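Enquirer: sequence first, then the predicted structure, then my questions.
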Amino acid sequence: EKALMDTLPILRDFVQEFTTFTSRNNALGNPKAFVHGHIGVEKGIRFAAHATYSVEEPVISPELALKGFVDAVMETTIEEAGSTKMKNQHTITGLKHSLMALELKTGHNQTSQ
């Protein structure tokens, strides 16, 4: 019960910052919706999920050596951003609509079936 109560605020924050599930929310206009690039990826993205396409979707990719289930597949809008000289500001370079996998990490150890 405590783990669930600790996780709910995190899920609420994700929905408010990165989705358009609530009518008052415009995730692409939300500066917190910016996801910074990481090693090997220089550009960041602004990301908004608009709908859940599927849940517990089976995934098999021999090229990536993956076999398992993705927690959710979301319909998204992504804006690729290039960095500018000004701190915390971004120049938007493209708008894309796609499906993206969402994997929730709770820290809970699962046993294989």
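Expert: That came in fine, so what should we check first?

Enquirer: all helices for the protein, in order.
Expert: 2-18 (DSSP state H).

Enquirer: so, low pLDDT: which residues of it?
Expert: 22-32, 37-43, 81-94, 106-113 (pLDDT under 70).

Enquirer: quick one, strands of it?
Expert: Assigned by DSSP state E, the strands in the chain fall at 34-35, 44-61, 66-83, 90-102.

Enquirer: now distance to residue 11 and mean neighbour count too, for those strands, in CSV please.
Expert: The C-beta positions use only the backbone N, C-alpha and C, and glycine is treated the same way. Listed next are the strands of the chain as CSV, based on distance: least, C-beta to C-beta, whole Å; neighbours: other C-beta atoms under 10 Å:
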stretch, distance to residue 11, mean neighbour count
strand 34-35, 17, 16
strand 44-61, 12, 14
strand 66-83, 12, 15
strand 90-102, 11, 12
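
Enquirer: of those strands, which is nearest residue 19?
Expert: Closest to residue 19 of the strands of the chain is strand 44-61 (C-beta to C-beta; 4.5 Å).

Enquirer: do you know how far the closest residue to residue 36 other than its chain neighbours is from residue 80?
Expert: Nearest residue to residue 36, sequence neighbours excluded (C-beta to C-beta, 6 or more residues apart in numbering): residue 44, at 4.4 Å. Relative to residue 80, residue 44 is positioned 8 Å away (C-beta to C-beta, to the nearest Å).

Enquirer: next one: residue 9
Expert: Per C-beta to C-beta, residue 9 is found 30 Å from residue 80.

Enquirer: ok, now residue 13?
Expert: 24 Å.

Enquirer: over to residue 20?
Expert: Taking C-beta to C-beta as the measure, residue 20 falls 19 Å from residue 80.

Enquirer: same deal with residue 47?
Expert: From residue 47 across to residue 80, the span is 10 Å (C-beta to C-beta).
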